[in-house]
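*Asks:* Build me a model:
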Amino acid sequence: MDIRELRLFLKLSETLHYTKTSHIMAISPSALSRTIQRMEDQVGQKLFFRDNRGVVLTPAGSRFREYALSVLGDWQLLQDDLSEESRDIKGDLVVYSSVTGCYTILPELLEKCRQMYPGIHINLKTGSAADAVAVVMSGMADLSVAAEPDSLPENLVFLSVTSTPLQLVAPVSDCHLTDRLNTPGTAWHDLPLILPEKGLARKRLDRFFKARQIEPDVYAEVDGNEAIIALVSLGFGIGVVPSLVREKSMFQDKVQVLPDVPDLDPYNVGICLNRRKSQTPVLRAFTSLLTNLDGAAE
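*Replies:* Have a look, this model is predicted:
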């Protein structure tokens, strides 16, 4: 087990709530459950009792909590001791991210970078998530916050941070769409759709429609998941967006999540960078921070 797993355990021992912990730590509930199960297998004891009434630490879990706190305390001391060496690394780093990535994935990374590598100067560029891989390939950014593509080019490296499911969202307010959704026999793809004009979600949706010989009713094609949620909230159509985006959207209270769409795999979200540049001192320093990131995926 590693530092990240110990942090997940400690957060769960604090909240005693799997859903709350997964939200705080930016990890899927299933990934959190698998991590705890793996830790229990390694320890050889149950660390938590879990039933319909909630979650409680077992006696073994309480002892393991003391161990985890001790390990993390020693780890922090080691980081403090090495911090002087970190100050020798200097250089510019161009980071590309969508607006959502700027307030979900990046804050903890940038804060750790500022603390451990004050000589690294961050140049943050924002834009569409659909362009995140392309800007790294073109050399316009050193790294980007991106969803892992179905096929990763050989010259790129992808480092996972978290996983987020794709969700089908519809307006909450009463309108012609909600009336049709409540009509028996109406399929979601028979309704007006707000689709991304490009990117990973669009490719997956196009494959979904083609495999089922569906001709979707496309109301609009937009650039960016935030724009999809905005139009959906106004009742123009329904759309598919990552859960991570919906949960942070200013319109989250104006949209509802419909039942899962089959065959639309979750997004694996992380850091994309050029393989050749990945061994430069600045990039090596920055990506080393992922090992200790609270939200890092298993």
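*Asks:* where do the strands sit along the stretch 1-150 of the chain?
*Replies:* Counting by DSSP state E, counting those that start in this stretch, the stretch 1-150 of the chain forms strands over residues 48-51, 54-57, 91-97, 120-126, 143-147, given from the N-terminal end onward.
*Asks:* Out of those strands, the one nearest His17 is which?
*Replies:* Taking CB to CB as the measure, the strands of the stretch 1-150 of the chain were each checked against His17, and strand 54-57 came out nearest at 6.4 Å. C-betas here are computed from N, CA, C, even on glycine.
*Asks:* For that closest one, list every residue counted as buried.
*Replies:* Judged by neighbour count (16 or more other CB atoms under 10 Å), strand 54-57 contains these buried residues: 55, 57.
*Asks:* Would you pull up how far that strand lies from the middle of the chain?
*Replies:* Taking CA atoms, centre = their mean, to the nearest Å, one finds strand 54-57 lying 26 Å from the centre of the chain it belongs to.
*Asks:* How about stretch 139-153?
*Replies:* The chain centroid and the centroid of stretch 139-153 are separated by 14 Å under CA atoms, centre = their mean.
*Asks:* residues in contact with that stretch?
*Replies:* Contact with stretch 139-153 is made by 93-98, 101-102, 105-106, 125, 129, 132-133, 135-137, 158, 160, 199-200, 203-204, 242, 267-274, 277, 282-283, 286-287, as judged by CB atoms under 8 Å, 6 or more residues apart in numbering.
*Asks:* Then stretch 65-74?
*Replies:* Outside of stretch 65-74, the residues within contact range by CB under 8 Å, 6+ apart are 3, 6-7, 9-10, 13, 57.
*Asks:* Glu154: neighbouring residues, count only.
*Replies:* The number of residues packed near Glu154 is 7, by other CB atoms under 10 Å.
*Asks:* so it sits in a strand?
*Replies:* No: assessed with DSSP: H, G, I helix; E, B strand; the rest coil, Glu154 is coil; it does not lie in a strand.
*Asks:* for the closest residue to it other than its chain neighbours, what are its contacts?
*Replies:* Counting by CB to CB, 6 or more residues apart in numbering, Glu154 lies nearest to Arg275, which is 7.5 Å off, once chain neighbours are set aside. The neighbours of Arg275, taking CB under 8 Å, 6+ apart as the test, are 154-157.
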